[in-house]
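Q: Take a look and give me a structure for this.
(chains A and B)
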There are 2 protein chains.
Amino acid sequence: MRRVISRKEAVELLASSGTISFNKKRVGLAEAFGKRAGEPLKAPFDLPQLSRSTRDGYAVNHLDVKGVSEALPAFLNVVGEVKIGEIPSFSISLGEAARVFTGSYLPNGADAVVMDEFVEESSGVIEVYRSVAAGENVISAGEDCLQGSTILNFGEKISVGKLGLLAAYGFDSVNILDVKVGIVSTGDEIVSPGSQLSSGKIYDINSFTLYALLKKWGANPYIHTPVPDDLEMLKKVLEELLDNSDVIIFSGGSSVGTRDHTKELFKLFNGKLIIEGINISPGKPTLAGWVKDKLVFGLPGHPVSSVVSARVFLIPVIERILGIDGEPVLYLPVLSNLPSKLGVEEFVCASVNEKGVFPILGKSGAISRIANGGFLIKIPDGVEGYKEGEVVETWSI
Amino acid sequence: MRRVISRKEAVELLASSGTISFNKKRVGLAEAFGKRAGEPLKAPFDLPQLSRSTRDGYAVNHLDVKGVSEALPAFLNVVGEVKIGEIPSFSISLGEAARVFTGSYLPNGADAVVMDEFVEESSGVIEVYRSVAAGENVISAGEDCLQGSTILNFGEKISVGKLGLLAAYGFDSVNILDVKVGIVSTGDEIVSPGSQLSSGKIYDINSFTLYALLKKWGANPYIHTPVPDDLEMLKKVLEELLDNSDVIIFSGGSSVGTRDHTKELFKLFNGKLIIEGINISPGKPTLAGWVKDKLVFGLPGHPVSSVVSARVFLIPVIERILGIDGEPVLYLPVLSNLPSKLGVEEFVCASVNEKGVFPILGKSGAISRIANGGFLIKIPDGVEGYKEGEVVETWSI
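A: Numbers count the residues shown, from 1 in each chain, chains lettered A, B, ... in the order given. Next up is the predicted model:
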């Protein structure tokens, strides 16, 4: 019997055995939120472009107010005012100050701002009672972001903060990756939600969990209606999906028949079946390879198994092909003893609370384990479970 | 001077001083992902409806294979086969077995499945070499989810797993909350991304970070073009937003002029200004109240301040009005010393890696602090900072 390869080996083997040139698409800034960057972006200018006040007060040279106090104030001539949204038309010399507001640019010669509450103004002269350091109450040119620094990496997920940074640089559209993923559940018993559930049938779960997982990642998933376990029909669906997807996911019963059909599809389409089983639990009977330069996955049919396989194998494969890092994992104390078999990398459903991560045990067929959790605890193949309180690697779903 | 109230008091005070009847909207299942449930849902039936096999093998009564081994196998008559997607038309008695596949329903009389590898079949009789416990290799009726149990709470975010659970019950559409949030940046210096940046102006950041934050939460945010710091224009915009929003967010320079305008708006519209400052840093100059049964917020203008105020105050207010819990916080070791002032609840930008949470220090005007992190460390008002390695409360943005 073939040795079942480790997840890491499987990711490497599959990702290095082919390549995908994902399409790119330019979308409006708001629409880009949560998507993946289609190109790296560098800061086109210093942010802020010029030093700005972060308070209402007076722009000064800090040397002028060194060591001042209520008993020994500095007296400075106010030589102008900088309104918000204006470039200062004047500069200040030693002994001078300028009225500024939160957001005002500083005139040349000023390097700090004294706040209103430490100043008294009377007929064009201010008394300053408090010293300020150079740069105090000021955000200096380039302090937020320097011209030429990277503001977005290729393939990076566009987060709340990154969307803000793109806005700060005036981008109103962004080039994003359009990773088209076709998803289809297979099995004679599977029917779409919304249809009549005749006796013996069950509703399609996997298409929706996989859709959500891929959508959350930043891809562009598409759900095909479920297909019976029939080679001719599977062939037709694969043909259709090859035309409009970069990645194709079949999820089906892990019963031998279904697996045989998926394998047969690779042969029929002259594809390369690279992965036949991975040493993970659940998710072991995962198949994957290439058909006509498209990534094709055959995921197990149990709802937990297919989500685990997609989260810990399929997504890392896409990330490896793009050359990007995955979402950072968390290390949290486990809130109960967690037994495990040696020799297999296990992923256990879990929920996270303020105390740590709590395993949700049960069968791979139970979707409630994912619905009630949203996390996975990883138990490496060389670890025989954890004791309550041990810190464990936690993946978000 | 008025005492500035704590964040908790402010949330309670504002949320209990009015109410919003959020609209609901029925959307397709896939579209419901990431949105908020508009109604609680109970499981309409047991999941699975009948006990199903989780393996290819033979359905048996576990009493028939108690204590068997290779030396002492049990012999059982195979009285039928249950195809996937069929309801069994027969039952088994002691001494009998039925051929089943992964996903097959169990015939009456069977309570476990022995896997193919521990069975040999020959002319209608199987030899079983391995015992099974009752329920082994079976997912029993209701084991995943019992009829009548809650599968979705009102206001809950529809996660990957919840979407799967809804699919499992055949829902092809979901009633979601349509929390309409109108967002507008104010200030003479603010221009929309994509427009020409004339000298002295800066691009609107806050509209996009607030949009993303609310979108991620599951609301339906809408960005209005920025408005100069002019009372008449602000009045017009508020009128417009009152017509099509449940929640309205102004974010503007925290300069005194802007705050005065926001306060003035409450008077002009006969609103109730409830919150004038919160004891948090950054985010202190937050204003909030009610105008014509709509929640109206005046958030500070600094990019970090407005995100913090929205994340730790505005969102908790909406959650409190809906009567739902916020996202659970994480407790992680802090990776550097973190000084803080006593007497104010501080939120420090941070990033998370496998070792813990790393503070990103800097000014509230620096959007890069959020772009490079995506988390906030909370320092309670009674804590004078943390030492490296201490476990700290971490909020995701």
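
Q: In the sheet, which residues pair with residue A:157? Tell me.
A: Taking DSSP bridges, one obtains residue A:36 as the residues bridged to residue A:157.

Q: Please determine how far it is located from residue A:216.
A: Going from residue A:157 to residue A:216 by C-beta to C-beta, to the nearest Å gives 9 Å. No exception for glycine: its C-beta is placed from N, CA and C like everyone else's.

Q: Overlap in contacts, these two.
A: residue A:34 (C-beta atoms under 8 Å, 6 or more residues apart in numbering or on different chains).

Q: Where does residue A:174 sit, in terms of helix or strand?
A: Residue A:174 belongs to strand A:173-178 when assigned by DSSP states H and E.

Q: Looks like residue A:277 contacts residue A:285 (just checking).
A: Yes: under the criterion of C-beta atoms under 8 Å, residue A:277 makes contact with residue A:285 at 6.0 Å.

Q: Of the two, give the one with the bigger neighbour count.
A: residue A:285 (25 against 16; other C-beta atoms under 10 Å in any protein chain shown).

Q: per-residue pLDDT, that one?
A: pLDDT recorded at residue A:285 is 92.

Q: what's the answer for the one 3 residues further on, then?
A: Confidence per residue is given as pLDDT, and for residue A:288 that number is 97.

Q: Then residue A:3?
A: At residue A:3, pLDDT is 69.

Q: What's the mean pLDDT across stretch A:346-353?
A: pLDDT averaged over stretch A:346-353 gives 97.

Q: likewise stretch A:226-238?
A: 94.

Q: Kindly report the same for stretch A:47-59.
A: Stretch A:47-59 carries an average pLDDT of 94.

Q: Can it be said to contact chain B?
A: Yes: on the criterion C-beta under 8 Å from any C-beta of the partner chain, stretch A:47-59 is in touch with chain B at A:47-49, A:52, A:54, A:56.

Q: How far away from the center of its chain is the helix or strand of chain A with the lowest mean pLDDT?
A: Least confident helix or strand of chain A, by mean pLDDT, DSSP states H and E, is helix A:256-268 with a mean of 84. Averaging C-alpha positions (C-alpha atoms, centre = their mean, to the nearest Å) puts helix A:256-268 34 Å from its chain's average.

Q: Alpha carbons of that helix, as CSV, please.
A: Taking Å, rounded to 0.1, in the frame of the first residue of the first chain, the C-alpha atoms of helix A:256-268 are listed here in CSV:
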residue,chain,number,x,y,z
VAL,A,256,-15.4,3.9,-2.8
GLY,A,257,-17.7,4.4,-5.8
THR,A,258,-17.6,8.2,-5.7
ARG,A,259,-13.8,8.2,-5.3
ASP,A,260,-13.5,5.8,-8.3
HIS,A,261,-15.6,8.2,-10.4
THR,A,262,-13.5,11.2,-9.5
LYS,A,263,-10.3,9.2,-10.3
GLU,A,264,-11.9,8.1,-13.6
LEU,A,265,-12.6,11.8,-14.5
PHE,A,266,-8.9,12.6,-14.2
LYS,A,267,-8.2,9.8,-16.8
LEU,A,268,-11.1,10.8,-19.1
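
Q: So what touches that helix?
A: Here helix A:256-268 has contacts from A:186-187, A:229-231, A:234-235, A:238, A:250, A:252, A:271-273, A:276, A:285, A:287, A:289, A:291, A:296, A:298, A:301, B:56, B:101, using C-beta under 8 Å, 6+ apart.
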